[in-house]
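Participant: What follows is a predicted protein model with its sequence.
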Amino acid sequence: MYHDKRFQKDSNFPFAVFSHHLMKQTSSAGFLLTEKPKFDEISKRLLNLNPKVIQRMSDTLRTEGTFKPITSEEKDAYQVIRDLDLVAGKVDSSLTGKKYARNELWSLMMSEGAPTWYVTLTPSDFNHPLCFYWATEGIKYELEFNLTKDARKVLVLDNPVAGARFFNFMVEMFIKHILGVDGPPGSGVFGDVSYYYHLVHSQLFSV
């Protein structure tokens, strides 16, 4: 963590960075799509879309929850949605990304079997000295901080970058030391782990 924490404490900084991150992913995925042999076919479908068909599909999905394409125009419109998934699937927190994450998990379960353990991690950033150390300036790391509960909350909330880094650190330590991933055989608390899969609940971002 940098000593100068002006950007970390800027309330707009996380939103600006995350927005640029998503735009970069979208742009990169779009460029990759243009290089595919079927891009000309995708372009023709987009140019020939009938707005009335899209509206009818949207209305039917909203009222009935399902829609079965029958006409050629409806089938082309449905195919455009699949085409757009090629881009959206590479963007964090997108609905397509969440769908792909579910597919990955189902594939793992079909290959390795159902998970034996379901673990929910909620690192307590308001009570951990490491998070306080990352959130403050020029303070020596100590196990005890003479701060009230409200003061600790203000300290962490004022620096969301420190809170995010602390959360990531705790998850990595859990994977390394509790699950024993990338460690010697039998180093995990639960023995040798055949597979693991985790999601960040706030955005369902798979890792």
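Facilitator: Structure's in. What do you need?

Participant: residues in contact with V156?
Facilitator: 125-126, 131-132, 135, 162-163 (CB atoms under 8 Å, 6 or more residues apart in numbering). For every residue, glycine as well, the C-beta is placed using N, CA and C.

Participant: How about P185?
Facilitator: For P185, the contact set (CB under 8 Å, 6+ apart) comprises D192.

Participant: before we move on, what about F166?
Facilitator: 123, 125, 128, 130-131, 134.

Participant: And the residue of the chain positioned farthest from its centre, what's its pLDDT?
Facilitator: Seen from the C-alpha centroid of the chain, the residue lying at the greatest distance (CA atoms, centre = their mean) is T71, 36.3 Å away. At T71, the predicted lDDT confidence score is 88.

Participant: rewinding a little: by neighbour count, which of the contacts of V156 wins?
Facilitator: Neighbour counts for the contacts of V156 peak at A135, which has 26 neighbours (criterion: other CB atoms under 10 Å).

Participant: measure that one to H128 for me?
Facilitator: Counting by CB to CB, to the nearest Å, the gap from A135 to H128 is 10 Å.

Participant: count of residues packed around F169?
Facilitator: As a burial measure, F169 scores 15 neighbours (other CB under 10 Å).

Participant: part of a helix, is it?
Facilitator: Yes. Under DSSP: H, G, I helix; E, B strand; the rest coil, F169 falls within a helix.

Participant: one step back: for the contacts of V156, which one is nearest V119?
Facilitator: V119 has its nearest neighbour among the contacts of V156 in D125, at 18.2 Å by CB to CB.

Participant: SS state for the closest one?
Facilitator: Assigned with three-state DSSP, D125 falls in the coil class.

Participant: Which stretches in this structure count as helices?
Facilitator: In the chain, the helices defined using DSSP state H lie at 6-9, 13-34, 39-47, 51-64, 72-88, 95-112, 129-135, 149-157, 160-173.

Participant: still on that earlier bit, for V17, state which of the contacts of F166 is nearest.
Facilitator: Distance to V17 across these (CB to CB) is lowest for W134, with 17.1 Å.

Participant: Which residue comes closest to that closest one once chain neighbours are left out?
Facilitator: Spatial nearest neighbour of W134, chain neighbours left out: A162 (3.9 Å); criterion: CB to CB, 6 or more residues apart in numbering.

Participant: Next: Q25.
Facilitator: Per CB to CB, 6+ apart, closest to Q25 is V91, 4.7 Å.

Participant: circling back: could you export the contacts of V156 to TSV, including columns for pLDDT and distance to F18?
Facilitator: Conversion of the contacts of V156 to TSV gives the following (pLDDT from 0 to 100; distance: CB to CB, whole Å):
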residue	pLDDT	distance to F18
D125	85	19
F126	85	23
C131	85	20
F132	83	24
A135	83	19
A162	87	16
G163	87	14
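
Participant: which two from those end up farthest apart in space?
Facilitator: F126 and A162 (11.7 Å).

Participant: separation between the residue nearest to L84 when sequence neighbours are not counted and Q55?
Facilitator: With CB to CB, 6+ apart as the criterion, L84 has its nearest non-adjacent residue at 7.9 Å, and that residue is T96. Separation of T96 from Q55 (CB to CB) stands at 22 Å.
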